[in-house]
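>>> Below: sequence and its predicted model.
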Amino acid sequence: MARVRRGLIRYVVVVLDLSEAAAQSDLKPSRAHAYAGALLRFCREFFETNPLSQLALLTLSDRQAVRLVELTSNPQDIADKLSGLTQRPSGFFSAQAALDKAFEVLHNLPPYGLKEAFLLLSSLGSHDAGDIQDVLEKLSQSKIRVSIVGLGGQVQMFRKLAETTSGTYHVPVGEGALQEIVLGYCQPPPTNAQQTQASLVHMGFPSRRLDISAFSFLGPQCTPGAGGCTCPRCHARVPDLPCKCHLCGLTLMSSAHLAKSYHLLFPVPPFADERQNKPGESPERGEAHHHMTCTGCSKPLFRNMCQKRVKSEAIRSEATGIQMKKRQANEPPATTEDDDGIAAECPDCRSLLCMECDEFIHERIHNCPGCELVRGNS
């Protein structure tokens, strides 16, 4: 069995159905507006999850597909087009026209990237000028995966189209389900060696010079502007990263994009809960917990248990009020039982962390500080 893996670089063409079925108001104010709102959230989340990937946006009405946004790594390009979209839904939908246009965008792209078409449909049928089976064969040969979200009900033709290309087909039952399904597509789909070839990729890491105040020509449109980045191979100026150099074709990115992609593909393992006193635990280990601090922020752990211990000692030495006042002045502020009785333990380095650091590690920095200390010392 081939080993399952997830793609680091994705090329995705989003097709928005603007046929007359998109004007229906079962989703308020219309299906087209509901899809546009879901797409705005999808674009932001997609580039957070796939910083090295690119998106293109097509619209389809009157059986004609229009390329609204070329492949880009800037979510603002798509957000601007969606916010200013004034096209009214009209005509019939054509799956053949949509897939032909997506094929034009994707079939010449490098084989190491995942090539995908993502169709957001309102229609329950397709008015095609030719045989859609011919398009299906082209998509399968080029290893283009087609995933579909359709409103109104299941259509056998769309289901077959998704299954033939190893894609997915979902029919949401409401606006909440629509948002969840569309955002779920941000995660890279599972693949294997037969679907994507493993190869070395030439990449450039340009430096962004903030002291450049003179105007220069940026990007393939030669837009005059300040700033930007310089390609290390041909010294062309590009406005944003990541992107592909418009002169030499070199993939340009920053080290932060590469590190972020790695962390998302290989996340930090979940931490285990470490309690103050476990059943059958030796008294020596429970006593040692009183002096432990968080590896991330050095905050004392199990503080509530420390307070109880201090108070019991204070009662026993009630005659010496001075000692009790000193202990009360040095003890940490009162916190909840739920937070103070539990800490998080890394399964690799066995270091203990507070709940706040546990959340920060898994959602933001994607590195365990205890593991980094072990690697640094070794």
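Yes, it's here.

>>> Who are the packing partners of the host helix or strand of Leu136?
For Leu136, the element it lies in under DSSP states H and E is helix 132-141. Secondary-structure packing of helix 132-141 (3 or more CB pairs under 8 Å, 6 or more residues apart in numbering; DSSP states H and E): helix 95-106, helix 156-164. All C-beta spots, glycine's among them, are computed from the backbone N, C-alpha and C.

>>> looking only at pLDDT, what's the mean for the longest one?
The average of the pLDDT scores along helix 95-106 is 93.

>>> neighbouring strands for the following helix or strand past it, and are they parallel or not?
Using DSSP H and E, the helix or strand that follows helix 95-106 in sequence is strand 114-121. Strand 114-121 pairs in its sheet with strand 10-17 (parallel), strand 144-150 (parallel), by DSSP bridges.

>>> ok, residues contacting stretch 120-133?
14-17, 19, 21-22, 24, 31-32, 35, 38-39, 63, 89, 92-97, 99, 148-153, 155, 157-158, 161, 182 (CB atoms under 8 Å, 6 or more residues apart in numbering).

>>> who's in contact with Gln96?
Contacts of Gln96 by CB under 8 Å, 6+ apart are Ser126, Asp128, Ala129, Gly130, Ile132, Val135.

>>> That one and Arg159: what is the separation?
17 Å (CB to CB, to the nearest Å).

>>> same thing with Asp77?
Taking CB to CB, one finds Asp77 at 32 Å from Arg159.

>>> who has more neighbours, the two?
Taking other CB atoms under 10 Å, Asp77 and Arg159 do not tie; Asp77 has more neighbours (18 against 15).

>>> Check what contacts stretch 135-150 and list those residues.
Against stretch 135-150 from outside (CB under 8 Å, 6+ apart): 95-96, 99-100, 102-103, 106-107, 111, 114-122, 124, 158, 161-162, 164-172, 178, 181-182, 185, 189, 195-196.

>>> Give the PyMOL command for selecting the buried subset of the residues you listed.
Burial among these is assessed by 16 or more other CB atoms under 10 Å; the matching PyMOL selection reads:
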select buried, resi 95+96+99+100+102+103+106+114+115+116+117+118+119+120+121+122+158+161+162+165+166+167+168+169+170+171+172+178+181+182+185+189+195+196
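
>>> picking up where we left off before, possible to save the helices and strands packed on helix 132-141 as CSV with distance to Asn50?
Formatted as CSV, the helices and strands packed on helix 132-141 follow (distance: least, CB to CB, whole Å):
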stretch, distance to Asn50
helix 95-106, 16
helix 156-164, 20
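
>>> Alright, I will stop here.
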